[in-house]
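K.L.:
let me see the structure of the following:
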Amino acid sequence: MASERTEELYKHLLSKGYPKEFCAEIAYKNMNTDYTATRMLGYLYRVTDPRIEDLVDEMLAILSDRDEIIRKKEMEQAQAVINDMYKNGL
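P.N.:
Okay, the predicted model is just below:
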């Protein structure tokens, strides 16, 4: 089941006149979290009628940012475990 934000993104893309299959691919396959859907909606509200190429470029940038945040959180968690090991021993 898609989130509310994902549904909103899909409907917004459709209202801008993009092909239905393209809208589904963007919203349901790639921008399927609240974070990514919200970021894409923000882009769509700031930029009027972007080309499909620009929309895909923004999608890739958003996904790259999300992946970087995930990696950072994983590294922080690993560092916390190492710090605990130094502090308390094995």
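K.L.:
report the central residue of the chain.
P.N.:
residue 36 (2.4 Å; Cα atoms, centre = their mean).
K.L.:
what strand or helix carries it?
P.N.:
Per DSSP states H and E, residue 36 falls inside helix 34-46.
K.L.:
now do that helix: distance to the chain's middle.
P.N.:
8 Å (Cα atoms, centre = their mean, to the nearest Å).
K.L.:
that one packs against which elements?
P.N.:
helix 4-15, helix 52-88 (3 or more Cβ pairs under 8 Å, 6 or more residues apart in numbering; DSSP states H and E). Placement of C-beta: from N, CA and C, glycine included.
K.L.:
what's the angle from it to helix 52-88?
P.N.:
On the basis of axes from the mean of the first three to the mean of the last three Cα atoms, to 10 degrees, helix 34-46 is oriented at 140 degrees to helix 52-88.
K.L.:
give the buried residues for helix 34-46.
P.N.:
For helix 34-46, the neighbour count (16 or more other Cβ atoms under 10 Å) marks 36-41, 43-44 as buried.
K.L.:
and stretch 48-63, what's buried?
P.N.:
Buried, per 16+ other Cβ under 10 Å, within stretch 48-63: 50, 55, 58-59, 62.
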